[in-house]
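Undergrad: based on what follows, work out the 3D shape:
(one chain, ligands or ions: 1)
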Amino acid sequence: MQSALSYVSGASEEPLLGQTIGQALDLAARRWSDRPALISPSHGVAWTWREFRARVGELAAGLLKLGLRRGERIGVWSLNRPEWALTQFAAAEAGLVFVTINPAYRLHELEYALKKVGCAALVVATRFKTSDFIGLLNSLAPELARCEPGALKAAKLPDLRIVVQIGERAPGTLGFEAVAKLGGDAERAALAALRDEIQFDDAANVQFTSGTTGSPKGVTLTHHNILNNGYFVGRAMRLTPEDRICIPVPLYHCFGMVMGNLAAVTLGAAMVYPGEGFDPLATLKTVESERCTALYGVPTMFIAELDHPEFDRFDLSSLRTGIMAGAPCPIAVMRRVLDRMHMRDVTIAYGMTETSPVSFQSSTEDSIERRVATIGRVHPHVEVKIVDKLGRIVRRGEPGELCTRGYSVMLGYWGEEQKTREALDAAGWMHTGDLATVDAEGYGNIVGRIKDMVIRGGENVYPREVEEFLYKHPKIQDVQVFGVADDRYGEELCAWVRVRAGERLTAEEVRAFCRDQIAHNKIPRYVEFVEEFPMTVTGKVQKYLMRNAVEERLGLRRAETA
Ligand code: AMP
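TA: Numbers count the residues shown, from 1 in each chain. Just a heads-up that it's a prediction; the model follows:
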């Protein structure tokens, strides 16, 4: 019987998988050996599951040969490339914790992330467009250029010993291809032993999310967390080995590496990478040329594809399903995805990194109305409750904070017991900071956010982190950062700055101060100078008033969303 209260639990006849990621890959290679696993046209890659598995095994053996041991952390700092996926699976097989680093990170953030989890190894790309990964790494660790490959000793990164470079090979680094040739019989035997030793409850992955405290936190996820979430996300779309998933979303986030790569490995679908960074034209081209059946994206990506001047030129009739997620999903955009992209089985998903990520997803059987206007129903084996400020479950239809419990909830934030306890309560509930409703039939809607977060083009930005960075500017007395509505990106960042007495500052100077130090999506699009901030009588700044003022003045409107 349905409860009158906003508590839902995902009943399912399909059991959870009790495997490690390495075991899942073994199984995939046996079941679907000659079916396509990974296709990346811009890298000339089209590997079957058997080939993919063999390459992963070689890389894992090479990592052991370099002296990496179970439980150590290996980072990856690269855009979407085949080597990224190889590293993801090889790390899992070698029992290492795979640390995914946002390719948009700049010096300040990279140093923090690598140090926080004590990465012993880093797999790094050379460069892409304006991102000079290896150049930035060298400026953080100038010792790299002079060290013996694999024996780095850098003052700022004391734990980092090994740098593996994709593509080229700069001084002090090991070449990616060369590492895959290092392993011998001893390493292969060690891998075979590890297969039984590694437990599915072991930490497999750390991903960084920021927070109200300013510095990013390392969300620690197990094999069990992410493998199962990938599996049930794929099942919601009814993926089979006949499917080919076009993955333009970043791999460093759960959307790419879990909902993409791990859905593929558990259901035998192919992972198709349309390019390193998101490009609407390359995505449309790849869907057509590779006859993709599923397409993923945050709302901003679908908008860019649908609005592309050459959109009509492409035959997208192979598409059947896919996922829009990561930010509030505009109903109007969902309708266009259904009609113009032929994605009749498209789903919306809702979740957060701390819950592996998905908690709600629409099903291919939901009515169109439900599918465009809600986030669907609770995921299999997951529980959700909606609570008021006192922690009491609210009645169906009433808004409150969404809390998630179940197999998908993270182990915790790496090395941050206190922050873990603030997010995860004693009964195991993850408090998401999102405001939601659940209706009588269990369909959810995201109606707002309690947490002070901006989502720009699907990427989360915590104003506090940007404010803390801007406080370092000698001419800035005080600053407030907040989100304002944007048609394309959902939200854009706006900063209100109070300049120190007697100083002069321009918006361009503020933005130049951020360049190369923090990720470009954290650099405010609007910088305005003010004398004071709106405050409550108790002295608390009122960001919503600042947001309203800017939106009204610039004529910015929020879209109706699921
Ligand atoms: P992340 O941890 O980067 O996956 O970001 C998670 C946050 O993105 C959630 O807490 C929500 O605020 C937001 N989010 C994700 N999916 C949706 C969605 N379908 N609708 C609205 N907000 C979403």
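Undergrad: enumerate the residues of the stretch 101-250 of the chain near the ligand.
TA: Residues of the stretch 101-250 of the chain lying close to the ligand by CB under 6 Å from any ligand atom are Thr209. Glycine gets a C-beta too; all of them are placed from N, C-alpha and C.
Undergrad: now do the chain
TA: For the chain, the contact set with the ligand under CB under 6 Å from any ligand atom comprises 209, 325-329, 348, 350-353, 357, 375, 432, 434, 446, 449, 455, 460.
Undergrad: okay, and which of those map to strands?
TA: Using DSSP state E, Thr209, Ala325, Ile348, Tyr350, Gly351, Thr432, Asp434, Ile446, Arg449, Ile455, Asn460 are the members of those that sit in strands.
Undergrad: Leu194: what's it in contact with?
TA: Residues counted as contacts of Leu194 (CB atoms under 8 Å, 6 or more residues apart in numbering) are Gly22, Arg70, Glu93, Ala94, Gly95.
Undergrad: surely it is in a helix?
TA: Yes: read with DSSP: H, G, I helix; E, B strand; the rest coil, Leu194 is one of the residues of a helix.
Undergrad: can you tell me how far it sits from Val527?
TA: 51 Å (CB to CB, to the nearest Å).
Undergrad: go on, Asp345?
TA: 43 Å.
Undergrad: kindly report the same for Ser3.
TA: For Ser3, the distance to Val527 (CB to CB) stands at 49 Å.
Undergrad: those two: which is more packed in?
TA: The neighbour count for Ser3 versus Val527, taken as other CB atoms under 10 Å, is higher for Val527 (21 against 12).
Undergrad: buried stuff in whatever helix or strand the more buried one lives in?
TA: Element membership of Val527 [criterion: DSSP states H and E] is strand 526-529. Neighbour-count burial for strand 526-529, with 16 or more other CB atoms under 10 Å as criterion, is recorded at Val527.
Undergrad: who does it touch, helix- and strand-wise?
TA: With contacts taken as 3 or more CB pairs under 8 Å, 6 or more residues apart in numbering; DSSP states H and E, strand 526-529 sits against strand 490-499, helix 507-514, helix 543-554.
Undergrad: you'd agree Lys153 is up against Ala141?
TA: No: applying CB atoms under 8 Å, one finds Lys153 not in contact with Ala141, separated by 9.3 Å.
Undergrad: what about those two, which has more around it?
TA: Using other CB under 10 Å, the more surrounded residue of Lys153 and Ala141 is Ala141, with 22 against 13.
Undergrad: the more buried one against Pro158, yeah?
TA: No: judged on CB under 8 Å, Ala141 makes no contact with Pro158 at a distance of 10.3 Å.
Undergrad: quick revisit: counting neighbours, which of the ones in strands among the residues of the chain next to the ligand comes out on top?
TA: Going by other CB under 10 Å, Tyr350 tops these with 30 neighbours.
Undergrad: quick one: contacts of the strand holding Val527?
TA: Residues outside strand 526-529 that contact it (CB under 8 Å, 6+ apart) are 484, 492-499, 505, 507, 510-511, 550, 554.
Undergrad: report the rounded mean pLDDT for that strand.
TA: Summarised as a single mean, pLDDT over strand 526-529 is 97.
Undergrad: other SSEs contacting the lengthiest helix in the chain?
TA: The longest helix of the chain (DSSP state H) is helix 49-65. When contacts are defined as 3+ CB pairs under 8 Å, 6+ apart, helix 49-65 packs onto helix 21-31, strand 36-40, helix 82-93, helix 176-179, helix 185-197.
Undergrad: what's the shortest one packed up against?
TA: Right, helix 176-179. With contacts taken as 3+ CB pairs under 8 Å, 6+ apart, helix 176-179 sits against helix 49-65, strand 162-165.
Undergrad: now do the longest one and helix 82-93, the angle between them.
TA: With axes from the mean of the first three to the mean of the last three CA atoms, to 10 degrees applied, the angle from helix 49-65 to helix 82-93 works out at 70 degrees.
Undergrad: quick one: helix 49-65 to chain centroid distance?
TA: How far helix 49-65 lies from its chain's middle: 24 Å, per CA atoms, centre = their mean, to the nearest Å.
Undergrad: got the angle between it and strand 36-40?
TA: Going by the same axes, to 10 degrees, helix 49-65 makes 70 degrees with strand 36-40.
Undergrad: can you get me a residue count around Tyr471?
TA: Here the number of neighbours of Tyr471 (other CB under 10 Å) works out to 11.
Undergrad: sorry, back to before: I'd like to know which of the helices and strands packed on helix 176-179 is closest to Pro241.
TA: helix 49-65 (9.0 Å; CB to CB).
Undergrad: mind listing what's buried along that closest one?
TA: Buried-residue list, helix 49-65, by 16+ other CB under 10 Å: 49-53, 55-65.
Undergrad: I appreciate the help and will end here.
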